[in-house]
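Chemist: Quick one: sequence plus predicted model below, questions after.
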Amino acid sequence: MKEMIQLQIDRGEMLPLMEEFYTIQGEGYHKGTAAYFIRIGGCDVGCHWCDVKESWNANLHPPTETVNIVENAKKYSDTIVVTGGEPLMWDMTVLTERLKDKGLQVHIETSGAYKFTGTWDWVCLSPKKTKLPTEEAYEKADELKMIIYNKDDFRFAEEQAAKVNKDCILYLQPEWSKRDKVVPEIVDYVMANPKWKVSLQTHKYLNIP
Ligand SMILES: C[S@@+](CC[C@H](N)C(=O)[O-])C[C@H]1O[C@@H](n2cnc3c(N)ncnc32)[C@H](O)[C@@H]1O
Ligand SMILES: Nc1nc2[nH]cc(C(=O)O)c2c(=O)[nH]1
Ligand code: SF4
Ligand SMILES: [Mg+2]
């Protein structure tokens, strides 16, 4: 039985599902847009400021049939955001094919640190120093969303911006717990370096998921 489930997970027919919710995309280019979020469990990238540490241990999240995830998601929205955890730890091919078959717009939030799978209408790449993105992630990124926790993160942001494709939109987003300190620094930085835009976690200001 365990082997059967593992086989289905390996094929992307099942995924460890942490939670699903209909909300407003709070961050980046699509902020303000209603979207259904599918949060897949499992991540070992280890960001110390991660705002969903409960997602990290995949074993805590029940293996769920992708067919059922899709049948449910399509009832809520035309726009689906797949996030985590780190969704690219799993094979996203089957999930995204099935969502596309229903005519849905399919977005991903990823660190890009794992093999790039799936067919996406929008790729938000948020690189982390602890586990850098793959070459393919830099090529596929529609937006680069760099989290600013300290001064060195501006240097890291520039280093990552040099690696993405030329059409990629560049965002600096304050780390939530440090927002009072880093927001003024981000504002000054964006005015001095206008290839960057500011991204805020607007859902946290709106008190929505
Ligand atoms: C929770 S992560 C899940 C997807 C993927 N693991 C990733 O990091 O891109 C979703 C987004 O939230 C950002 N994020 C996580 N914790 C944050 C925090 N404390 N402050 C600001 N952004 C945060 C991540 O950088 C990422 O862009
Ligand atoms: N409203 C809302 N927008 C988001 N954008 C990215 C999120 C994420 O955790 O991936 C997120 C989230 O958790 N909630
Ligand atoms: S990669 Fe994403 S989910 Fe994983 S620890 Fe970092 S912010 Fe959290
Ligand atoms: Mg979030």
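Modeler: Received it, and whenever you're ready, just let me know what you need. Numbering: from 1, shown residues only. Ligands and ions are numbered 1, 2, ... in the order given.

Chemist: so who does Thr93 touch?
Modeler: Counting by C-beta atoms under 8 Å, 6 or more residues apart in numbering, Thr93 touches 12, 117-119. Where you see a C-beta, it was placed from the backbone N, CA and C, and this is true even at glycine.

Chemist: 7 Å instead, please
Modeler: Contacts for Thr93 (C-beta atoms under 7 Å, 6 or more residues apart in numbering) come out as 12, 117-118.

Chemist: Would you mind checking those for buried ones?
Modeler: Neighbour counting by 16 or more other C-beta atoms under 10 Å classes 12, 117-118 among the contacts of Thr93 as buried.

Chemist: ok so, going back, quick check, nearest of the contacts of Thr93 to Lys102?
Modeler: For these, the residue nearest Lys102 by C-beta to C-beta is Gly118; the value is 14.8 Å.

Chemist: Asp91 is in contact with the closest one, correct?
Modeler: No - if you go by C-beta atoms under 7 Å, Gly118 and Asp91 don't touch, sitting 8.0 Å apart.

Chemist: centroid residue for the protein?
Modeler: In the chain, the centroid-proximal residue (C-alpha atoms, centre = their mean) is Glu109; its distance is 1.5 Å.

Chemist: So that one belongs to a strand, correct?
Modeler: Yes - under DSSP: H, G, I helix; E, B strand; the rest coil, Glu109 falls within a strand.

Chemist: Tell me how far the nearest residue to it once chain neighbours are set aside lies from Ile169.
Modeler: On the basis of C-beta to C-beta, 6 or more residues apart in numbering, the spatially nearest residue to Glu109 that is not a chain neighbour turns out to be Thr83, at 4.0 Å. Separation of Thr83 from Ile169 (C-beta to C-beta, to the nearest Å): 18 Å.

Chemist: same thing with Ile38?
Modeler: Applying C-beta to C-beta, the value for Ile38 to Ile169 is 23 Å.

Chemist: just Glu139 next, same as before
Modeler: Glu139 is 15 Å from Ile169, by C-beta to C-beta.

Chemist: same deal with Met18?
Modeler: For Met18, the distance to Ile169 (C-beta to C-beta) stands at 28 Å.
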